[in-house]
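# kindly return the folded structure for what I paste below:
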Amino acid sequence: MFGGEGAVLVVAYILTAAFILSMFVIFYKLVHVSQAQSQSISFLDKFWESKRLDDIFKVAENLKHSPLAAMFRAGYIELSKVKKGHTPDTGAMHEKMDGIENIERALVRARVSETTKLENLLPFLATVGSAAPFVGLFGTVWGIMNAFTKISEAGKADLATVSGPIAEALIATAISLAAAIPSVVAYNYFNRRIKVLGSEMTTFGSDYLNIVKRHFF
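Numbering: from 1, shown residues only. So this is what the prediction gives:
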C-alpha cells in the first residue's frame, strides 16, 4: 500500500483524480460521439428518402444528438423566415440573394456550434495526456530525493533499505502513465471521429443549400 509523504502523496492524489476524471470523460465522449454518428446516419437516410422538407423537419426534431439534424433545423427555420418575406415570383434578385446568404449563414453557425459541442472536454484529455507524465516524473524525482536523504541519514544502503522508498516513489510515474496513455489514445480517436463528422457536416451543408436554391430560389 502506498504510504508516501508530502509532495509525493499530493502528486499521487492529483494523478489518481486525473485518472478517474479522464475515464469518466472517455466514457461520456464515447456515448456522445457514437450517438451523434448513429443518429446522423439515420437522418441522412431519411433526408434522401423524403420529398418534403416538412417531413424531414419532424424527423430532425427527434434526433437531438445529430449535428446534421441540427444543421437542417437551423436551415429550415431560416428558410421559413425568408419565404415569409418574399416568393420566387415576386421577390427581387437582391432579396433572393440575401435569403440564400441568410440560410448559408444559419448553416455555418449551426455547424460551428455542433463542432464545438463535439469537441467539448477533449482539451481535458489532451491536458491529462501531455501533463500527467511530467507531474508523475516530478513526484518520482521528489520521492527518490527524499529516499536518498533518508538513506544518507540512516548511514546504510543495503537492498532492503533502498528498494522500498524508491519503489514507492516510482508509483507516481506508474499512476501518471495509467492516466496519460488512455487519455492520449482517446483524444486521437475522438479527434478522428469528429473530423469525419465535420466533413459530413460540410458536405451536407453544401447539398442542402443546393437543394434550397434549386427548389425555392
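
# got the contact list for residue 143?
Residue 143 makes contact with 4, 8, 165-166, 168-170, 172 under the criterion CB atoms under 8 Å, 6 or more residues apart in numbering. No exception for glycine: its C-beta is placed from N, CA and C like everyone else's.

# one more pass at 10 Å, please.
Shown in contact with residue 143 (CB atoms under 10 Å, 6 or more residues apart in numbering): 4-9, 11-12, 165-173.

# mind listing what's buried in the helix or strand bottoming out on mean pLDDT in the chain?
Lowest mean confidence among the helices and strands of the chain (mean pLDDT, DSSP states H and E): helix 93-119, at a mean of 83. By neighbour count on 16 or more other CB atoms under 10 Å, the buried set for helix 93-119 is 96, 99-100, 102-104, 106-107, 110-111, 114-115, 118.

# continuing past it, what's the next helix or strand?
Sequence-wise, the next helix or strand downstream of helix 93-119 (DSSP states H and E) is helix 122-154.

# got a pLDDT number for the residue lying closest to residue 25 once chain neighbours are set aside?
Using CB to CB, 6 or more residues apart in numbering and skipping the chain neighbours, the partner closest in space to residue 25 is residue 121 (5.0 Å). Looking at residue 121, its pLDDT stands at 94.

# neighbours of residue 121, how many?
Burial of residue 121 is recorded as 17 neighbouring residues (other CB atoms under 10 Å).

# who's in contact with it?
By CB under 10 Å, 6+ apart, the neighbours of residue 121 are 21-22, 24-26, 28-29, 32, 190.

# in the residues you listed, which residue is surrounded by the most others?
Per-residue neighbour counts (other CB under 10 Å) across these peak at residue 22, which has 25 neighbours.

# the host helix or strand of residue 39 to helix 122-154, inter-axis angle?
Secondary structure from DSSP H and E places residue 39 in helix 6-49. Put simply, helix 6-49 runs at 160 degrees to helix 122-154, going by axes from the mean of the first three to the mean of the last three CA atoms, to 10 degrees.

# picking that back up, tell me the one among the buried residues of helix 93-119 nearest to residue 54.
Residue 54 lies nearest to residue 103 out of the buried residues of helix 93-119, by CB to CB, at 16.4 Å.

# returning to that earlier point: and which of the buried residues of helix 93-119 is nearest to residue 73?
Nearest to residue 73 among the buried residues of helix 93-119, with distances taken as CB to CB, is residue 110, at 7.6 Å.

# once you drop chain neighbours, what's closest to that closest one?
Per CB to CB, 6+ apart, closest to residue 110 is residue 74, 3.7 Å.

# tell me how far that neighbour lies from residue 80.
Per CB to CB, to the nearest Å, residue 74 is found 11 Å from residue 80.

# same question for residue 132.
According to CB to CB, residue 132 and residue 80 sit 49 Å apart.

# for residue 110, same thing?
Per CB to CB, residue 110 is found 15 Å from residue 80.

# thanks a lot, see you next time.
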